[in-house]
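S.K.: Structure here, sequence nowhere to be found:
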């Protein structure tokens, strides 16, 4: 679903997110939650996902941005927002429904059904965008609907029980190795906290008391966002390497001769879809300035 924005003098609640400093328009009429693109995001190639406005014009999208909202309800709300050509950030029905948030325009606040707490916002009436729900323009909509479990958004939903029994095993020799947490620049620290809050919320990682520890390293991705990585050099030195029977490259290419149809599958966060072997989770620990995390 998409959202069409038109300037009208309608009452809309605006709520402030403290970490990002963004003021979100809260509207149950918007089917999805979106944020405007930054200059760096706008320079990226446009996403294949197209949204349509009410007048039939296309709304460009530029992927997703993960935010952990703190809107004054004493809990963090991780969410994956669509980056779209809109004038201001919007909290849509998808976010409100997922977290059980209710809008009370009379009291100018949001109500959290889980904690019964409220967060006061502001009412905007001057040229506040009005949101109209529209259908998503997607060529493969029927196919995605039929195999919805495959295309579930791993950014929004807690991790599910895997349908396979493949696990990542780390065979190590010698005593456990550890390292102190490294200091992080403010922007890296904020990005790391948001990412690990999301991972803990999804059940992908958890706090640990392991005697193994690898320092956290933040690596900048091509879209200028940050990827948390571990400096596993000490662990790798203790790890017994695998010997995979990989086919020789010349033999491999000979099998491709004459073939005309090829398929490429790009798994989103593929490493999160292969769980760690239970006995080896203690070896795969990040030591960072705010948490000691096991993945």
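M.R.: Looks like it arrived, so ask away. Everything quoted here is computed from the prediction, not taken from an experiment.
S.K.: got any ranges where this structure has weak pLDDT?
M.R.: Under the criterion pLDDT under 70, the flagged ranges of the chain are 1-10, 48-50, 52-57, 125-163, 295.
S.K.: Which parts of it are helices?
M.R.: Assigned by DSSP state H, the chain shows helices spanning 39-42, 93-99, 141-146, 186-202, 233-238, 249-256.
S.K.: What count of nearby residues applies to residue 62?
M.R.: Residues lying near residue 62 (other Cβ atoms under 10 Å) number 23. Using the backbone N, CA and C atoms, a C-beta is placed for each residue, glycine as well.
S.K.: And for residue 79?
M.R.: For residue 79, the neighbour count with other Cβ under 10 Å is 21.
S.K.: roughly how far apart are it and residue 12?
M.R.: Noted for residue 79: a distance of 19 Å to residue 12, by Cβ to Cβ, to the nearest Å.
S.K.: Also residue 222?
M.R.: In terms of Cβ to Cβ, residue 222 sits 36 Å off from residue 12.
S.K.: Give me the more crowded residue out of those two.
M.R.: residue 12 (21 against 6).
S.K.: My guess is residue 204 contacts residue 272. True?
M.R.: Yes. If you go by Cβ atoms under 8 Å, residue 204 and residue 272 touch, sitting 5.3 Å apart.
S.K.: higher neighbour count, the two?
M.R.: Using other Cβ under 10 Å as the criterion, residue 204 and residue 272 rank with residue 204 on top: 20 against 15.
S.K.: Phi first, then psi, for that one.
M.R.: phi -80, psi -30 (degrees, to the nearest 10).
S.K.: likewise the one 5 residues further on?
M.R.: For residue 209, the backbone dihedrals are phi -120, psi 30 (criterion: degrees, to the nearest 10).
S.K.: mind checking how far the residue lying closest to residue 83 once chain neighbours are set aside is from residue 106?
M.R.: Leaving aside its chain neighbours, residue 83 sits nearest to residue 62 (4.2 Å; criterion: Cβ to Cβ, 6 or more residues apart in numbering). Separation of residue 62 from residue 106 (Cβ to Cβ): 37 Å.
S.K.: Which residue, neighbours along the chain excluded, lies closest to residue 104?
M.R.: Spatial nearest neighbour of residue 104, excluding adjacent residues (Cβ to Cβ, 6+ apart): residue 111 at 5.7 Å.
S.K.: List the contacts of that neighbour.
M.R.: Contact partners of residue 111, counting by Cβ atoms under 8 Å, 6 or more residues apart in numbering, are 101, 102, 103, 104, 117, 118.
S.K.: count of residues packed around residue 284?
M.R.: Using other Cβ under 10 Å, residue 284 has 21 other residues around it.
S.K.: Does it touch residue 277 like I think?
M.R.: No. Between residue 284 and residue 277 no contact is recorded; they are 9.6 Å apart, counting by Cβ under 8 Å.
S.K.: shared neighbours, these two?
M.R.: residue 170.
S.K.: what number of residues lie near residue 291?
M.R.: Residue 291 sits with 19 neighbouring residues when counted by other Cβ under 10 Å.
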